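Enquirer: With the input below, show me the fold.
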Amino acid sequence: MQLSQVYLGLGEPALGELLKGISLGKLKTFQLYERLKLRLHLSKLNSETLRRSAIRLWPRLQEGDEDLANELGQAILISHMDMIMAVLDFLKIPHEEGFFAKDIDSTQYLTEGWQQRVFDEFKGKFPPQALLFYVNHLGWEVAKSTEVFAPAA
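Expert: Residues are numbered from 1 along each chain as shown. This next block holds a predicted model:
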């Protein structure tokens, strides 16, 4: 599965919600602001242009633009570092302030049903689309998931 498929699996409305949650301050702190502005083909990057860009980004994700999917993923994830640290702590995955420790095989911590457990634990504590995106991103990156996770009702 490619990362663009995670966005497609979550749906177009979720993309809009994820874009609303991006912190411009964190983009600047992590030196991703200019890179994202360039990748999104925006002359000006602010919360309004970011939100309105969803309509142009969706077709690019449908076409499988993995560079876009990765840049967006970084922007979304660094904007939710508190959630990432909480999830990694919950799963007992060693990390350094939300970033994986070097040379660690995190797959051993992702036991059967981990996605649903994480979702159930944090669904009321963090924005649901950001949580779903992170659960799927973690599955894509670490567990090499082949399907997009959708929580049980």
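Enquirer: following the lowest-mean-pLDDT helix or strand in the chain, which helix or strand comes up?
Expert: Each helix and strand of the chain was given a mean pLDDT (mean pLDDT, DSSP states H and E); the minimum falls on strand 99-100 at a mean of 85. Beyond strand 99-100 on the C-terminal side, the first helix or strand identified by DSSP states H and E is helix 114-122.
Enquirer: What residues sit buried inside that next one?
Expert: Taking 16 or more other Cβ atoms under 10 Å as the basis for neighbour counts, the residues of helix 114-122 that come out buried are 114-115, 118-119, 122. (Each C-beta comes from the backbone N, C-alpha and C, glycine too.)
Enquirer: Output that helix as CSV, restricted to C-alpha atoms.
Expert: Extracted C-alpha coordinates of helix 114-122, given in CSV (Å, rounded to 0.1, in the frame of the first residue of the first chain):
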residue,chain,number,x,y,z
TRP,A,114,-3.4,-2.7,18.1
GLN,A,115,-5.1,-0.3,15.7
GLN,A,116,-8.6,-0.7,17.3
ARG,A,117,-7.1,-0.5,20.8
VAL,A,118,-5.3,2.7,20.0
PHE,A,119,-8.4,4.2,18.4
ASP,A,120,-10.6,3.2,21.4
GLU,A,121,-8.1,4.6,23.9
PHE,A,122,-7.7,8.0,22.2
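Enquirer: Output the contacting helices and strands for the helix or strand following it.
Expert: Following helix 114-122 in sequence order, the next helix or strand is helix 128-141 (DSSP H and E). With contacts taken as 3 or more Cβ pairs under 8 Å, 6 or more residues apart in numbering; DSSP states H and E, helix 128-141 sits against helix 3-10, helix 12-20, helix 66-78, helix 81-91, helix 114-122.
Enquirer: The third one - what's its average pLDDT?
Expert: Along helix 66-78, the predicted confidence averages to a pLDDT of 97.
Enquirer: got it, and the second one?
Expert: Across helix 12-20, pLDDT averages out at 96.
Enquirer: Next, the angle from it to helix 128-141.
Expert: Relative orientation of helix 12-20 versus helix 128-141 (axes from the mean of the first three to the mean of the last three Cα atoms, to 10 degrees): 100 degrees.
Enquirer: Tell me how far the next helix-or-strand element following helix 12-20 lies from the chain's centre.
Expert: Where DSSP H and E defines the elements, the next helix or strand beyond helix 12-20 is helix 24-29. Between the mean C-alpha location of helix 24-29 and the chain-wide mean there is a distance of 16 Å, by Cα atoms, centre = their mean, to the nearest Å.
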